[in-house]
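In: let's see this in three dimensions:
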Amino acid sequence: MKERSFQLDLLRTVAILLVVFFHFYINFSAIPLWNDVVYNGGLLGVNFFFVLSGMLISYPFVKESLASGKLYSIKNYSVNRLLRIIPLFWFITIINFLLKDNIRLYQMQPNGLSYSDLIKYLFFFSSKLDILNPVIWTLRIEMLFYIIFPFLFYISLRWHSIFIKHAHFYTFLLMACFLAYRCIIIYNNKTLDNSDVINNLEGFFLGINLSFIVLTNNTNRFKIFFQVLTPIIGLLILVKLNQTIFQNSIWYYPFFKTGTNLCIFFLFIGLLRNQPKRLSKKLVQVISFISMISYSLYLIHFNVYYSIVLPFLRKIYHSQYVNIHVWGALSLLITFLFSFITYRVVEQPFLALKKRVLVTSESR
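Out: Purely as a prediction, here's the structure:
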């Protein structure tokens with residue numbers, strides 16, 4: 001996979017914008033268009049990230065497996081994941097902890113947080129600090145998948161030929177299991193927690209399947225289907241499910257979750273199998289920039305907005321009229337500015353270190 005791929009940049013950009021707009025939703029809800037598009041589209045954002053993560057994590061393993069039948073270097077995999085995820089997460093978490101008294105969600109909580117809670121949280125052994133940054137629950141699920149995936153793939157190598165040949169079948173069999181799990185929870189009159197680990201693994205396994213599709217190039221017989229019809233089918237699944245009888249039923253969520261993941265899966269295939277030929281240079285630069293800072297944007301947008309931007313804008317709003325479009329534009333501008341600074345100061349140095357470590361390791 002190329003170091004800089006327009007399709008992957010576009011997927012990251014769409015995913016992060018969906019999440020950011022979703023968290024800004026309550027303040028844009030006065031606009032009818034935002035009311036529907038932002039809220040419903042925001043539900044896709046996290047699912048986008050899970051499917052994309054599943055593909056990016058599994059890609060080197062699938063590639064090495066197809067080439068040699070061996071397991072991809074666990075050392076390179078660990079260095080790649082740790083230096084990509086942990087430094088910025090620790091930095092943002094520690095800053096949030098030190099400034100916790102200024103975070104609005106923390107101010108509404110009766111119980112305090114200790115340094116012991118912070119240490120546990122930094123190593124994903126606690127969820128207490130989620131009150132300081134509500135988006136971190138997704139990262140905790142991703143980290144669990146990062147840990148278990150190499151072991152699952154190692155086991156699959158024992159049945160290498162069978163697994164490669166029937167990868168798509170196993171993926172959709174697992175999807176049926178995840179759907180059944182959600183239905184069982186609903187049937188037993190229990191509430192489905194959106195942060196439940198099993199409830200979110202479906203997207204990761206679809207991402208693994210995408211790696212096989214990209215690397216095995218086994219969709220040529222259905223070229224028109226995958227390049228033209230799959231994006232349409234994906235959108236129709238999402239729209240249709242959103243209008244079915246499930247919408248006013250307790251059974252709506254289990255089917256909508258699976259339908260959403262299938263929608264994303266089809267959209268990803270359509271995009272990854274269809275390289276755009278003519279693109280505006282400015283558009284490519286904007287999408288590349290947003291993709292580049294997407295992790296920083298993801299980790300800090302909630303607190304930057306709700307603890308810095310929103311209180312400031314509310315003071316202005318009470319003193320004079322502020323157009324809601326201007327409000328939204330200023331919010332995004334300030335949030336992107338903070339994200340870019342965080343990327344340059346914290347994330348970029350560790351990404352450079354990661355490249356040096358991996359190059360040194362490969363040269364040996």
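
In: average pLDDT for stretch 288-306?
Out: The average of the pLDDT scores along stretch 288-306 is 91.

In: export that stretch as PDB, just CAs?
Out: Extracted in PDB, the C-alpha atoms of stretch 288-306 (Å, rounded to 0.1, in the frame of the first residue of the first chain):
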ATOM      1  CA  SER A 288      -4.400  15.000   2.200                       C
ATOM      2  CA  PHE A 289      -4.100  17.700   4.900                       C
ATOM      3  CA  ILE A 290      -7.300  16.600   6.800                       C
ATOM      4  CA  SER A 291      -6.200  13.000   6.500                       C
ATOM      5  CA  MET A 292      -2.700  13.900   7.900                       C
ATOM      6  CA  ILE A 293      -4.100  15.500  11.000                       C
ATOM      7  CA  SER A 294      -7.100  13.200  11.400                       C
ATOM      8  CA  TYR A 295      -5.800  11.400  14.500                       C
ATOM      9  CA  SER A 296      -5.000  14.600  16.300                       C
ATOM     10  CA  LEU A 297      -8.300  16.100  15.200                       C
ATOM     11  CA  TYR A 298     -10.100  13.000  16.500                       C
ATOM     12  CA  LEU A 299      -8.500  13.100  20.000                       C
ATOM     13  CA  ILE A 300      -8.800  16.800  20.700                       C
ATOM     14  CA  HIS A 301     -11.800  18.100  18.800                       C
ATOM     15  CA  PHE A 302     -14.300  17.400  21.500                       C
ATOM     16  CA  ASN A 303     -12.400  19.200  24.300                       C
ATOM     17  CA  VAL A 304     -11.200  22.100  22.100                       C
ATOM     18  CA  TYR A 305     -14.800  22.700  21.000                       C
ATOM     19  CA  TYR A 306     -16.700  22.100  24.200                       C
END
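
In: give me the distance between that stretch and the centre of its chain.
Out: The chain centre lies 12 Å from the centre of stretch 288-306; the measure is C-alpha atoms, centre = their mean, to the nearest Å.

In: which stretches of this structure have low pLDDT?
Out: Applying pLDDT under 70 to the chain flags the ranges 1-4, 25-43, 110, 158-165, 217-252, 273-276, 313-314, 316-328, 359-364.

In: how about the nearest residue to L271, chain neighbours excluded?
Out: What sits nearest to L271 in space, not counting adjacent residues and going by C-beta to C-beta, 6 or more residues apart in numbering, is Q7, at 5.2 Å. Using the backbone N, CA and C atoms, a C-beta is placed for each residue, glycine as well.

In: what about that neighbour, neighbour count?
Out: 17 (other C-beta atoms under 10 Å).

In: my guess is it contacts G270. True?
Out: No. In this structure, Q7 is not within contact of G270 by C-beta atoms under 8 Å, at 10.1 Å.

In: next one: the residue nearest to L271 from F178, what distance?
Out: 26 Å (C-beta to C-beta, to the nearest Å).

In: what's the answer for F336, then?
Out: Distance from F336 to F178, by C-beta to C-beta: 35 Å.

In: for I184, grab the count of nearby residues.
Out: I184 has 11 nearby residues by other C-beta under 10 Å.

In: I'd like to know which elements the helix or strand encompassing it is packed against.
Out: Assigned by DSSP states H and E, I184 belongs to helix 167-187. Packed against helix 167-187 by the contact rule (3 or more C-beta pairs under 8 Å, 6 or more residues apart in numbering; DSSP states H and E) you find helix 197-216, helix 252-272.

In: got CSV for these, with distance to Y121 too?
Out: Output for the helices and strands packed on helix 167-187, formatted as CSV (distance: least, C-beta to C-beta, whole Å):
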stretch, distance to Y121
helix 197-216, 17
helix 252-272, 27
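
In: reformat those helices as a markdown table; add distance to F145 and mean neighbour count.
Out: Below are the helices and strands packed on helix 167-187 laid out as a markdown table (distance: least, C-beta to C-beta, whole Å; neighbours: other C-beta atoms under 10 Å):
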| stretch | distance to F145 | mean neighbour count |
| --- | --- | --- |
| helix 197-216 | 5 | 21 |
| helix 252-272 | 15 | 21 |
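
In: the ones you listed: which one's closest to L11?
Out: Among those, helix 252-272 comes nearest to L11, with 6.8 Å by C-beta to C-beta.

In: orientation of the closest one relative to helix 167-187 in degrees?
Out: Interaxial angle of helix 252-272 relative to helix 167-187 (axes from the mean of the first three to the mean of the last three C-alpha atoms, to 10 degrees): 160 degrees.

In: which residues does T93 contact?
Out: Applying C-beta atoms under 8 Å, 6 or more residues apart in numbering to T93 gives the contacts L118, Y121, L122, L129, L132, N133, I136.

In: I appreciate the help and will end here.
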